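**Student:** Sequence unavailable; structure follows:
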């Protein structure tokens, strides 16, 4: 029977530990973000707590070739930490699946999903501010 330390080394657990720590550390660069501000939802004193106060207006379709859209997206991606940018571009831009991204990044699918959700929220917020303005974001 091999000692526990050898088993951990063969599983790759220790090899991933610094990368996982780095992912958690970079996540702290941004405070907790939600895709939609909580002020958009009813609170406990209202008839339907947690439901929309008013449904958001639909966004008009954005043409990817429009320079304004392209510039806003580039600026949004530039403000992300490198790990976040890599994950969102690999998943949403290149269409890679979680397994392929795991091999390249050393992150588990669960970590990728968390990073992807946070990155999408930041990008969505940036695009809303750049393309819609202060109205219905």
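**Tutor:** The structure has been received and is ready for your questions. None of these values were measured; they are calculated from a predicted model. Numbers count the residues shown, from 1 in each chain.
**Student:** just the strands in the protein please.
**Tutor:** Taking DSSP state E, the chain contains no strands at all.
**Student:** so where is it shaky, pLDDT-wise?
**Tutor:** For the chain, the stretches flagged by pLDDT under 70 are 1-35, 133-137.
**Student:** longest helix of it?
**Tutor:** Assignment by DSSP state H gives helix 109-131 as the longest helix of the chain.
**Student:** which helices and strands sit right next to that one?
**Tutor:** helix 13-27, helix 67-78, helix 82-88, helix 98-105 (3 or more C-beta pairs under 8 Å, 6 or more residues apart in numbering; DSSP states H and E). C-beta: built from backbone N, CA, C; applies to glycine.
**Student:** Apply 6 Å and report the result again.
**Tutor:** helix 67-78, helix 82-88, helix 98-105 (3 or more C-beta pairs under 6 Å, 6 or more residues apart in numbering; DSSP states H and E).
**Student:** Which neighbouring elements make contact with the last one?
**Tutor:** Just to be clear, that refers to helix 98-105. helix 109-131.
**Student:** Let me know the angle separating the helix it packs on from helix 98-105.
**Tutor:** With axes from the mean of the first three to the mean of the last three C-alpha atoms, to 10 degrees defining the directions, helix 109-131 sits at 90 degrees from helix 98-105.
**Student:** and helix 109-131 with helix 67-78, angle?
**Tutor:** 140 degrees.
**Student:** So for helix 109-131, what gets flagged as buried?
**Tutor:** Of all the residues in helix 109-131, those buried under the rule 16 or more other C-beta atoms under 10 Å are 111-112, 114-116, 118-120, 122-123, 125-128, 131.
**Student:** Quick check: end-to-end length of stretch 47-54?
**Tutor:** Distance between the boundary residues of stretch 47-54 (C-alpha to C-alpha, to the nearest Å) amounts to 13 Å.
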